[in-house]
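Trainee: quick one, fold the following:
(chains A and B)
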Amino acid sequence: MASERPVLQVQEISRTQPVVVEGGHAFLRALTRRPASGDGVVILRKLSFSVARGEIVGILGVNGAGKSTLLQCIAGLTSVSSGQILVDGRVCGLLELGSGFDYEASATKNIWLNGLLLGLSPQEIVERTAAILAFADLQVSETQPLSTFSTGMVMRLAFAIAVHAKPDLLLIDEALAVGDEAFQSRCFERLRDLAARGTAILFVTHASSLVQEMCDRAILLDCGELLAIGSPKRIVADYQKLLFSSGPERETQRARLRMQADSNRETPGMTEAGTTIEDIAFSESTDLSKTAENHQVIRLGIHDVQILKAVLLDQSGCEVNVLRAGESYRFRYSIRFGHAYRAVRFGMLFKSVTGVELGGSQTGSQRLDVSPDDIIDVTFCFNCRLNPGTWFLNAGVLGSAETDEEIWLERFTDLLQFRVVSGHTSATGMVDFGVDFSLTRIPHARSDTRNCHH
Amino acid sequence: MLPGDLTNKRRLRIGVYWLSQALKRRYPGRGIGVWWIVLAPLVLVTIYTSVLTGVMGLRWGMEEHAPVYFGLMVLIGVAYYQAFSECLIRASGLIHEKANLARKVKVPWEVLPFVLLGEVALPLICNLIVILVGLGITGVLHPVGVFYLPVIILPFFLLLAGCAALNSVLGVFFRDLGQLMNFLSMALLFMSPVFFSMDIVPESLRQLMLVSPLTIPVEMTRIALTDGELNTVWLLLLWTLSSVVFMAGMLIFRLTRESFADGF
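Mentor: Now for the predicted structure:
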């Protein structure tokens, strides 16, 4: 698969949106096919990436980052000012929810028109119409015009057409937010199915959890710039950090991400943040080198706070990374501070592989003031309630620096990775709530129901 | 295949779909609907005949004719005028009509002027059929003229398509073009021999009349149908002019279509 030509190659594309789109100047510019220069707003700056067959790539970015424009450029709806977009196969977009429909015509008519516009042959359209209607599950009559449909129904129809067009590249712009949950889950299932059959999917969303759940890779866009590309988990972390920072801190973040991206570019093939779960050998021994500490830790803060050591200890004080469900353990880490900070507190958080935040704690009840070169040792005791599987531990330090405002001094995402074994066999899901049960056979209705005390 | 690149066959199918939708909107299925396309010219002939000859006492040209002859002659002018005027006015908003679609899929823009052409050509053809029948019944139709008709209409269709393409491009960049076109088409009505014959136009105004692109096809049609004559100089002029407008329209359309979506 890797040797195949990528479905999508985006090469150094830039787009400058002209401010003036009317009048003689705009007309002359269009006539001479000159790109807007000087008077335009730069929306995309020298973006490059490629997407392989069957890959699901999420695009993250704050509002105005250029996500939608990027998709529109790829779909060929908007021209690029410079650079090149190469698409190998059929592109299909779910951009701007349902607006491509003729609201005076029926669903069937719209399937015909959209099918033609998407490049399906008449025979293909006729063959797939029934399947599209079945998937959309509209429950309306054949002739009912789209103007009588609800927003959700229109969206369902749009999605159904898009997935049944069997595109080589599917672009989705936030379009899935409208459907009800049952339909959404059907959509995701269908998308995974499409990806498994070789359709590459690019989708824009603000739901970070969705990116972690669905995507093989993610892209972080900011101000039209590709800041980072890599594993969803890492990009989501980068995105959130960017989302909640402002001013100079934001600039520093951006610079750091840009530098990372550059260094990644120099070593192609090593772009991914990391080791997969399977790469780490688990052992119950005290062999330190085998713990996940050498797993790439994503540090989010930019303050001068260092983590010295992070370990999971069992009751006898041995370092472990395989935990037994139901037993008590300690999570211990040491932090060295480079500056003085006030009202410092420490936190920890259990996370699933997909990034779900399961639960954690923090030392807010006992805040500390620290001076430069202080080392604080933090220990959290916990009872392992997690079910068998692989889990992550985050750590974080909060405090005030110059102002009274409390900020994240440092966050360590996926600091430790551990496995839980031999849980309660009856427990399901992620967490063992210690659920107990009892069974009682209710006597048949024919007999007196009042006898039914136990 | 480039993203959204459409083969000719697909473009044709999309064009057919859009045209059928537009015609359905124009002539809705129930009620008078489809019949209106034939009924309208009949009603118009009756009105022109009764009002213009009966009330205003006008005569067609120098010779004496039955009153309905007047109505039919005016209808020839009106048929061409309606097609041209609608083309001008509608074309200025043609691209913007599909703005919604353009945000979702790659629209084959180049189909649109031809869809408009189809929309205006259909009533024109129906009107001409009614006129042929009317002239036949009243016994003034020159049979040879029927064969001349296609060579006059074809270049006129080229002219319409060219104007539609040109105007739809200009409509993207000059949004108030619609207003100007409304005014222009009103002026055109009296600048062309629609309600009168060129015979009664004084020599000094004839040159001015020739500015209107309708003058040549309208007069040629009248002369061809009643006298069975075809002025080759006019015909050459019409074909040349129409081809130039058509080519220019298509060229400008092709050059600018990439920027259409910028304004949406």
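Trainee: domain map for chain A?
Mentor: Here the domain assignment for chain A is A:8-89+A:168-266, A:277-421, based on automatic domain parsing.
Trainee: surely B:K106 touches A:T78?
Mentor: No. B:K106 lies out of contact with A:T78 (C-beta atoms under 8 Å); the separation is 10.1 Å. C-beta: built from backbone N, CA, C; applies to glycine.
Trainee: ok, which of the domains of chain A comes nearest chain B?
Mentor: For those, distance to chain B was read as C-beta to the nearest C-beta. The smallest value, 3.7 Å, belongs to domain A:8-89+A:168-266.
Trainee: report the mean confidence score over that closest one.
Mentor: Mean per-residue pLDDT for domain A:8-89+A:168-266: 82.
Trainee: so how far is that domain from its chain's centroid?
Mentor: How far domain A:8-89+A:168-266 lies from its chain's middle: 13 Å, per C-alpha atoms, centre = their mean, to the nearest Å.
Trainee: any figure for the gap between the nearest residue to B:V245 once chain neighbours are set aside and chain A?
Mentor: Of all residues not flanking B:V245 in the chain, B:G162 sits nearest, at 3.7 Å (C-beta to C-beta, 6 or more residues apart in numbering or on different chains). The gap separating B:G162 from chain A is 16 Å, by C-beta to the nearest C-beta, to the nearest Å.
Trainee: buried set for the host helix or strand of B:G162?
Mentor: Assignment of secondary structure by DSSP states H and E places B:G162 within helix B:143-173. By 16 or more other C-beta atoms under 10 Å in any protein chain shown, the buried positions in helix B:143-173 come out as B:145-146, B:148-149, B:152-153, B:155-173.
Trainee: next up, the contacts around the residue nearest the centre of chain B.
Mentor: Geometric centre of chain B, nearest residue: B:A83, 2.5 Å, by C-alpha atoms, centre = their mean. By C-beta atoms under 8 Å, 6 or more residues apart in numbering or on different chains, B:A83 lies in contact with B:120-121, B:123-124, B:156, B:160.
Trainee: could you verify that it is part of a helix?
Mentor: Yes. Under DSSP: H, G, I helix; E, B strand; the rest coil, B:A83 sits within a helix.
Trainee: gap between the closest residue to chain A within the stretch 101-250 of chain B and A:I161?
Mentor: Residue of the stretch 101-250 of chain B nearest chain A, by C-beta to the nearest C-beta: B:K104 (3.3 Å). Distance, B:K104 to A:I161, by C-beta to C-beta, to the nearest Å: 11 Å.
Trainee: cool, A:S81 as well?
Mentor: Applying C-beta to C-beta, the value for A:S81 to A:I161 is 31 Å.
Trainee: convert the C-alpha atoms of the strand or helix carrying A:I229 to PDB, please.
Mentor: Using DSSP H and E, A:I229 maps to strand A:225-230. Taking C-alpha atoms only, strand A:225-230 is exported to PDB below (Å, rounded to 0.1, in the frame of the first residue of the first chain):
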ATOM      1  CA  GLU A 225      -0.100  27.700   8.000                       C
ATOM      2  CA  LEU A 226       0.400  24.000   8.500                       C
ATOM      3  CA  LEU A 227       1.800  24.000  12.000                       C
ATOM      4  CA  ALA A 228       1.900  20.300  12.600                       C
ATOM      5  CA  ILE A 229       1.100  17.000  11.100                       C
ATOM      6  CA  GLY A 230       1.300  13.700  12.900                       C
END
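Trainee: counting by contacts, list what it packs against.
Mentor: In this structure, strand A:225-230 packs against strand A:40-51, strand A:217-222, helix A:232-243, helix A:247-266, with contacts taken as 3 or more C-beta pairs under 8 Å, 6 or more residues apart in numbering or on different chains; DSSP states H and E.
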